[in-house]
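>>> this is the structure alone, sequence omitted:
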């Protein structure tokens, strides 16, 4: 077995025992990239030389002491909407051109300080707007389980890289499901932390009231370790919360006995793939065996979530993306006056979905429509949040499918934006309410595509999510299955 | 509410986006399709509901008035489409 197939936890332990070096581990990862990325296209930028240098430095640090970060010497991929000092950041958009950030995102800085090895920048839907990576301005990423299928999005490059051992772990961002949906599609673990748990400083802003950074990993323990490393207060993000970061990984094995699982009836409705429902219901029965009580709950405003989300997210995006004006960075068109310079630069720089969302968001915020759309949506958002508050009086975590279907085929939904939006129905409410939620593998459909189980927690209660997820994972074998691709 | 082609043109100007006639046609149709779906929200009475954005209890973040970033004009201007010495150079805005 290639070293690239190891988990973060296992690789870290063996690095510290000096069974192999970070350089060997990193080389194994780049061998995997060389053997499979021409088929998968998980990366937009690969930085082999810099990574090997970081690995050598990590090996020096490994020699010096042993009381060190679990991330030291571990090859980690970063989604290309995190600013990386001196390393091209595109957000999968043409408007940024060859943008070289002059500083690191707070979370990237934490990775570097911990001694992680950054392998490169992974593909995404342009500005993280999409559910399939088909909106990347460069090329689509393919699902390692079946190259005809989408990897999910928008963090599809990170998910595909983790699933195919092109990195040991990865970072993604999640505004409406962009970590969890690709994690489900690619059969890995992905967590969207509570809003405010992780700094957003240096993340290219999409919808600021929902954007959150999170880990994408091969198993639950790795997600706990990686969250520990990136979480915490940052004065650079006024919405990051000043609360101690728990030792998530050390409480994984605490018993789940006595925990109450809520199953929302509105999440099991017509339109979901039968095999997804079957796998999720089987997973719930498995969780019940560990003596967790299971209770049906109701989240009555679920059916309004997609409408609320696509008003709030597009409105915030239209404001955030106003900064791409071709003045300080990125593409600037030659035109007769300033307004035309803006209009042509933005026309040439943005792709179709980004334009569609800017148009929708600008309309929702424009004079005469603000109350009917944006304000109305923010009010319904309160109702969605209250549904969760009520539900969490009766349960400790909520268990649902992550997606209504397994990964669809490339091209299947590109002609109908609304159908694409509806593939997020189980994930977006969580962003609207600011809650933490994790997706982990719970089976496969008859075509061999992975199915994801979503576990939603109370605000800042990632620990309980991890415990429930770990308990389920250890009772099953799904997380050990990996796609066959490249020379494997 | 039905979005007309004229309104699409008006919104495009507000958003500083140049659209081709084909894009205008397509967007008018697609946005109407999406907005029709959003009509759903009108079913709910929200007259006594406060809007919600996020729960992070934000406090004023005062700090000393002191430079904390690296004052490296070259690094900051490296991505500029056009520059003059240590300034961004932009198109003329006053006739």
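Structure received. Quick caveat: nothing in here was measured; it's all calculated off a predicted structure.

>>> switch to C-alpha atoms for all contacts and neighbour counts from now on
Fine.

>>> who does residue 87 form a beta bridge with?
In the absence of a named chain, this looks at chain A. Beta-bridge pairing of residue A:87, defined through DSSP bridges, involves residue A:84.

>>> can you look at chain B instead?
residue B:84.

>>> confidence score at it?
On the pLDDT scale, residue B:87 is placed at 93.

>>> ok, residue A:473 next?
97.

>>> check which helix or strand it maps to.
For residue A:473, the host element (DSSP states H and E) is helix A:462-475.

>>> buried stuff in that helix?
Using 16 or more other Cα atoms under 10 Å in any protein chain shown as the test for burial, helix A:462-475 gives A:462, A:463, A:464, A:465, A:466, A:467, A:468, A:469, A:470, A:471, A:472, A:473.

>>> what of stretch A:49-66?
Buried residues in stretch A:49-66 (16+ other Cα under 10 Å): A:51, A:52, A:54, A:55, A:56, A:57, A:58, A:59, A:62.

>>> any idea how far the fifth one lies from residue A:314?
Taking Cα to Cα, to the nearest Å as the criterion, residue A:56 is separated from residue A:314 by 44 Å.

>>> without its sequence neighbours, what residue ends up closest to residue A:484?
Spatial nearest neighbour of residue A:484, chain neighbours left out: residue A:145 (7.2 Å); criterion: Cα to Cα, 6 or more residues apart in numbering or on different chains.

>>> if we can go back for a sec, now intersect the buried residues of stretch A:49-66 with the helices, please.
Among these, DSSP state H puts A:51, A:52, A:54, A:55, A:56, A:57, A:58, A:59, A:62 in helices.

>>> can you put these in JSON lines and add distance to residue A:449 and pLDDT?
Formatted as JSON lines, those follow (distance: Cα to Cα, whole Å; pLDDT from 0 to 100):
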{"residue": "A:51", "distance to residue A:449": "32", "pLDDT": "98"}
{"residue": "A:52", "distance to residue A:449": "34", "pLDDT": "98"}
{"residue": "A:54", "distance to residue A:449": "35", "pLDDT": "98"}
{"residue": "A:55", "distance to residue A:449": "34", "pLDDT": "98"}
{"residue": "A:56", "distance to residue A:449": "38", "pLDDT": "98"}
{"residue": "A:57", "distance to residue A:449": "39", "pLDDT": "96"}
{"residue": "A:58", "distance to residue A:449": "37", "pLDDT": "96"}
{"residue": "A:59", "distance to residue A:449": "38", "pLDDT": "96"}
{"residue": "A:62", "distance to residue A:449": "39", "pLDDT": "93"}
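
>>> hmm, the least confident helix or strand in chain B by mean pLDDT touching chain A?
Least confident helix or strand of chain B, by mean pLDDT, DSSP states H and E, is helix B:73-77 with a mean of 89. Yes - against chain A, helix B:73-77 shows contacts by Cα under 8 Å from any Cα of the partner chain at B:75, B:76, B:77.

>>> likewise stretch B:18-37?
Yes - using Cα under 8 Å from any Cα, stretch B:18-37 reaches chain A at B:18, B:19, B:27, B:30, B:31, B:33, B:34, B:37.

>>> can you tell me how far the residue nearest to residue A:484 sits from residue A:189?
As judged by Cα to Cα, residue A:145 and residue A:189 stand 15 Å apart.

>>> of those two, which one has the most company?
Neighbour totals were compared for residue A:145 and residue A:189, and residue A:189 leads with 32 against 25 (other Cα atoms under 10 Å in any protein chain shown).

>>> which non-adjacent residue is nearest that one?
residue A:440 (4.5 Å).

>>> cool, residue A:385 as well?
residue A:433 (4.8 Å).

>>> test my guess that that neighbour contacts residue A:384.
Yes - with contact defined as Cα atoms under 8 Å, residue A:433 reaches residue A:384; the gap is 6.8 Å.

>>> list the contacts for the residue nearest the centre of chain B?
By Cα atoms, centre = their mean, chain B has its centre lying nearest to residue B:15, at 7.1 Å. By Cα atoms under 8 Å, 6 or more residues apart in numbering or on different chains, residue B:15 lies in contact with A:318, A:322, A:358, A:359, A:362.

>>> among those residues, which pair sits farthest apart?
A:322 and A:359 (11.7 Å; Cα to Cα).

>>> thanks a lot, see you next time.
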